[in-house]
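Participant: quick one, fold the following:
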Amino acid sequence: MDKDFKFTNAVVILPLIFVVVIWLVFWLEVRFDYDFIQNGIYPRTFSGLQGVVFSPFIHADSEHLYNNSLPLLVLLAALQFFYPRQSLKVVLCGILLSGILTWSIGRENYHIGASGLIYVLFSFIFFKGIQTKHIRLIALSLTVIIVYGGLVWYIFPTPDVPGEKSISWEGHLSGLLAGFILSIIYKTPEYKKVPKYDWEKPDYNSEEDEFMQRFDENGNFVNLPVVEDEVILTYYFSNIPVSYEIISNEKSESKPES
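Facilitator: Presented below is the predicted three-dimensional model:
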């Protein structure tokens, strides 16, 4: 494994702690019949500022909570594994920045849920991977887009339908913007460059490559490579597996015939 990316207990502990906390808050709400929604973000009011801190931990119902829990587990684990030095700052500053943006541009209604943080994580991981130009982080960015790319559709305004739950597209958009801003602010260390193979170098000449000399212009094997004068690798381009024949360099002693 690349020494720049090491697995630690925090990769598991950080996501679990956050998810356990939001489930605990929901349990307290149900157990004591208390409505925490009033502690969410209410745009452009002084009392609504408390939701900047509290809203990610408040959910309307179990479905809302469940839909946010799985992405949080996956994205927080990915953030902690690939960006351990920035992970805690991204989570804390992402909650505050996305919350303030939601408070500034949101509709006059209570905005709750951890979806804003999910968009922060999604945005940060995607944009930061592209910015670093590291092959593994770019692959992570592409993976995030493939798995969670559909989240982008929920940053656009959606009309409220009577009798149905409204979606805080303002919170989603704020999270996406916050993640992008944080990806620019927080710098990553210089990662170890992935070594290039000889055939990837611009001055590579296949005619001088000993291995490539074993093949003709059609890709057919024409010679048997000898490794340290001891092993001959016999290749069969059929269903017959590769076989290995050991050749000893020691001269056998001849025994006199009786």
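
Participant: all strands of this protein, in order?
Facilitator: With DSSP state E as the definition, the chain shows strands at residue ranges 226-227, 231-234, 243-246.

Participant: what's the mean pLDDT across the shortest one?
Facilitator: Think strand 226-227. The average pLDDT within strand 226-227 is 49.

Participant: what's the separation between residue 16 and residue 76?
Facilitator: Counting by Cβ to Cβ, to the nearest Å, the separation of residue 16 from residue 76 is 9 Å. For every residue, glycine as well, the C-beta is placed using N, CA and C.

Participant: can you check residue 45 too?
Facilitator: Distance from residue 45 to residue 76, counting by Cβ to Cβ: 30 Å.

Participant: which of residue 16 and residue 76 has more residues huddled nearby?
Facilitator: residue 76 (25 against 13; other Cβ atoms under 10 Å).

Participant: how close does the spatially closest residue to residue 43 that is not a sequence neighbour sit to residue 201?
Facilitator: Of all residues beyond its chain neighbours, the one nearest residue 43 is residue 106 (3.9 Å), with distances taken as Cβ to Cβ, 6 or more residues apart in numbering. Distance check for residue 106 against residue 201: by Cβ to Cβ, it reads 54 Å.

Participant: with residue 136 instead?
Facilitator: 21 Å.

Participant: which one's more surrounded, the two?
Facilitator: Taking other Cβ under 10 Å, residue 136 and residue 201 do not tie; residue 136 has more neighbours (15 against 9).

Participant: give me the neighbour count for the closest residue in space to residue 123 that isn't next to it in sequence.
Facilitator: Residue nearest to residue 123 in three dimensions, not counting chain neighbours: residue 179, with 2.6 Å by Cβ to Cβ, 6+ apart. The local packing count at residue 179 equals 26, with neighbours defined by other Cβ under 10 Å.

Participant: go on, residue 106?
Facilitator: Residue 106 is flanked by 23 other residues according to other Cβ under 10 Å.

Participant: tell me who's in contact with it.
Facilitator: Shown in contact with residue 106 (Cβ atoms under 8 Å, 6 or more residues apart in numbering): 41, 43, 168, 170, 171, 174.

Participant: please report phi then psi for the closest residue to the fourth one other than its chain neighbours.
Facilitator: Setting aside the residues directly before and after it, residue 170 is nearest to residue 106 in space (Cβ to Cβ, 6+ apart), at 4.1 Å. When read as degrees, to the nearest 10, the backbone of residue 106 gives phi -70, psi 160.

Participant: how much space between residue 106 and residue 174?
Facilitator: For residue 106, the distance to residue 174 equals 8 Å [Cβ to Cβ].

Participant: isn't residue 105 up against residue 41?
Facilitator: No - using Cβ atoms under 8 Å as the test, residue 105 is too far from residue 41 to be in contact (10.8 Å).

Participant: with neighbour numbers in mind, choose between those two.
Facilitator: Using other Cβ under 10 Å, the more surrounded residue of residue 105 and residue 41 is residue 41, with 33 against 14.

Participant: the residue lying closest to residue 142 once chain neighbours are set aside: how many residues sit nearby?
Facilitator: Ranked by Cβ to Cβ, 6+ apart and with sequence neighbours excluded, the top spatial neighbour of residue 142 is residue 129, at 8.0 Å. When counting by other Cβ under 10 Å, one arrives at 25 neighbours for residue 129.
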